[in-house]
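K.L.:
here is my input, please return the structure:
(one chain, ligands or ions: 2)
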Amino acid sequence: TIQKIHAREILDSRGNPTVEVDIVLQDGTKARAAVPSGASTGKYEAFELRDRDPKRYGGKGVLTAVTNVNGDIANALIGLDAGDQKLIDLTMIELDGTPNKGRLGANAILGVSMAAARAAAQANGLQLYEYLSEDRRYLLPVPMMNVMNGGVHAQWQGADFQEYMIAPLGAPNFRTALQWGAETYRALQKTLQKKGYPTAVGDEGGFAPKVASNEEPLELITLAIEEAGYQPGKDIAISLDPASSGFYHYGQYELKREQKALTPEDMIKYYQMLVENYSIISIEDGLAEEDWTGWKMLTKELGDRIELIGDDIFVTSPALVKRGIKEGIANSVLIKLNQIGTVTETLETMQLAKSAGWGLNVSHRSGETVDSFISDFTVATRAGKLKTGAPSRGERIEKYNQLLRIEEELGNRAVYAGRKAFVRG
Ligand code: PGA
Ligand code: ZN
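P.N.:
Ligands and ions are numbered 1, 2, ... in the order given. I've put the predicted structure just below:
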């Protein structure tokens, strides 16, 4: 049973405050979890409570969320069984009393939700991935490595598209996939240097040069894959997250790099051209969160060829995913625990998507800590794909390293998701 809950304000990878929670159980077990934070957030994400005190961290302090954990939430949860995740999460949801966790803060609630899971795992002598699994069947995910950053993750100094990822889906196991990805990342650095591009990195560790077009990174990445000795498409495929809500204005997609504004129809044609010419296996947020009509067309045009992942449009919400399934929007969902705010609701969303035959993609946020909860979570839920940045920056690397440890521990019980993890593999 939970004896003590204590939160504190720590920093994330952008130097912004975030919430860290410690939980102590009666038997002496101690566990900790830290909450990530996005920059290109969906409009309907659960509420991230910030102090709005301009004198501290430009208003981004989280002392109110910390106080909510140490006061209201601790009072409600002390004495409960840490292993009853549903009861813990539902208690917090009720205590909050708003539809978007706006009173206590999703950052306060999620920190406790994750720390409780970790404490229960430890108390039972289990690894987190074992504890979170329902049937002790595990799947090591394809690492979706974001090797070129643009959009808001590069302060709009690079491509308009936010993320260019490589997916080493042809590898025989996770550690080899990671190796192929890291080698390609190094090859890409050389390719960029040859072109005279700077190789400083963006928020998620990918390179972020001022490219000539949104297509150019696809050429450079394809070259780098070959340079590293792999076959584009067969060994390593490419995935895009344009995060297009960020450049959608008044019904049009404004591509600054190309000095044009496209209608949803033209944007879809643009994607068709890219899919035709490059080894693209999935596109996330190809269209904006408000553009449900565009999304429907996009799904009709490309849904039987590639995986179409909804991030901003679904914000890991069971209700929105349900609507998407019903209306024929997308065929896959991005999963971010802090978009919805509890472990229990996240699992519910994943269950829904799974039963519709959709793909699952667990994801970090652009503002991260070294907490690797999502690595264990992805293996346990058999989601098959984890996007957690480039093989660069400690907070990204830690997630990949945790997967290496899990694969090693599982030994010959470790199964690598590979190509089959994609809905249109
Ligand atoms: P964010 O970006 O964490 O800044 O929201 C990630 C994404 O769009 O997938
Ligand atoms: Zn996204």
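
K.L.:
switch to C-alpha atoms for all contacts and neighbour counts from now on
P.N.:
Fine.

K.L.:
tell me the mean pLDDT over stretch 326-337?
P.N.:
This predicted structure assigns stretch 326-337 an average pLDDT of 98.

K.L.:
what's across from the residue nearest the centre of the chain in the sheet?
P.N.:
Compute the mean C-alpha point of the chain, and by Cα atoms, centre = their mean the closest residue is S363, 1.6 Å away. Listed by DSSP bridges, the beta-bridge partners for S363 are K387.

K.L.:
now for it: which residues touch it?
P.N.:
Taking Cα atoms under 8 Å, 6 or more residues apart in numbering, we find S363 in contact with L334, I335, K336, I374, L386, K387, T388.

K.L.:
what about the helices in this structure?
P.N.:
Assignment of helices within the chain using DSSP state H yields the ranges 63-68, 74-77, 85-96, 106-123, 128-132, 174-194, 216-227, 264-277, 292-302, 318-327, 337-340, 343-355, 373-381, 394-410.

K.L.:
can you redo these as TSV with distance to ligand 1 and mean neighbour count?
P.N.:
Converted to TSV, the helices of the chain look like this (distance: least, Cα to the nearest ligand atom, whole Å; neighbours: other Cα atoms under 10 Å):
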stretch	distance to ligand 1	mean neighbour count
helix 63-68	20	21
helix 74-77	28	18
helix 85-96	23	18
helix 106-123	14	27
helix 128-132	23	21
helix 174-194	19	20
helix 216-227	18	20
helix 264-277	18	15
helix 292-302	17	18
helix 318-327	16	16
helix 337-340	9	27
helix 343-355	16	18
helix 373-381	14	24
helix 394-410	12	19
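
K.L.:
same list, those, but as a markdown table with distance to Y248 please.
P.N.:
Shown next, in a markdown table, are these (distance: least, Cα to Cα, whole Å):
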| stretch | distance to Y248 |
| --- | --- |
| helix 63-68 | 32 |
| helix 74-77 | 42 |
| helix 85-96 | 33 |
| helix 106-123 | 27 |
| helix 128-132 | 38 |
| helix 174-194 | 29 |
| helix 216-227 | 21 |
| helix 264-277 | 10 |
| helix 292-302 | 12 |
| helix 318-327 | 20 |
| helix 337-340 | 21 |
| helix 343-355 | 26 |
| helix 373-381 | 30 |
| helix 394-410 | 28 |
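
K.L.:
so where's the stretch 301-425 of the chain shaky on pLDDT?
P.N.:
Across the stretch 301-425 of the chain, no stretch falls below the confidence threshold (pLDDT under 70).

K.L.:
from ligand 1, how far off is the closest residue to I78 other than its chain neighbours?
P.N.:
On the basis of Cα to Cα, 6 or more residues apart in numbering, the spatially nearest residue to I78 that is not a chain neighbour turns out to be I2, at 5.0 Å. Spatial separation of I2 from ligand 1 under the definition Cα to the nearest ligand atom, to the nearest Å is 31 Å.

K.L.:
OK, contacts around I2?
P.N.:
Applying Cα under 8 Å, 6+ apart, one finds that I2 lies in contact with I23, V24, L25, Q26, L77, I78, G79, L80, D81, A82.

K.L.:
ligand 1: which of those residues is nearest?
P.N.:
Proximity to ligand 1 was ranked across the contacts of I2 by Cα to the nearest ligand atom; first place goes to I23, at 25.9 Å.

K.L.:
the nearest residue to that closest one once chain neighbours are set aside: what's it in contact with?
P.N.:
Excluding its sequence neighbours, the residue lying closest to I23 (Cα to Cα, 6+ apart) is I5, at 4.6 Å. When contacts are counted by Cα under 8 Å, 6+ apart, I5 is found next to V21, D22, I23, V24, V69, N70, A74, I78, V112.

K.L.:
restricted to strands, list those.
P.N.:
Using DSSP state E to define strands, the subset of those located there is V21, D22, I23, V24.

K.L.:
got a list of what the closest residue in space to the second one that isn't next to it in sequence touches?
P.N.:
It refers to D22. The spatial neighbour of D22 that comes closest, neighbours along the chain excluded (Cα to Cα, 6+ apart), is R32 at 4.5 Å. Contact criterion Cα under 8 Å, 6+ apart gives E20, V21, D22, I23, A115, R118, A119 as the residues in contact with R32.

K.L.:
same thing but 10 Å
P.N.:
Residues in contact with R32 (Cα atoms under 10 Å, 6 or more residues apart in numbering) are 5-7, 20-24, 111-112, 114-119, 371.

K.L.:
likewise for A117?
P.N.:
The neighbours of A117, taking Cα under 10 Å, 6+ apart as the test, are 23, 31-33, 82-85, 88, 123, 128, 131-132, 343, 373.

K.L.:
7 Å instead, please
P.N.:
For A117, the set of contacting residues under the criterion of Cα atoms under 7 Å, 6 or more residues apart in numbering consists of A82, G83, Q85.

K.L.:
same thing with I325?
P.N.:
I325 sits next to no residue when contact means Cα under 7 Å, 6+ apart.

K.L.:
out of the ones in strands among the contacts of I5, which is nearest to Y44?
P.N.:
Using Cα to Cα, the shortest approach to Y44 within those belongs to V21, at 24.6 Å.

K.L.:
these two touch, right, that closest one and M114?
P.N.:
No: the pair formed by V21 and M114 falls short of the contact definition of Cα atoms under 7 Å, at 8.7 Å.

K.L.:
list the residues that contact both of these two?
P.N.:
Between them, V21 and M114 share the neighbouring residues A33, with contact defined by Cα under 7 Å, 6+ apart.
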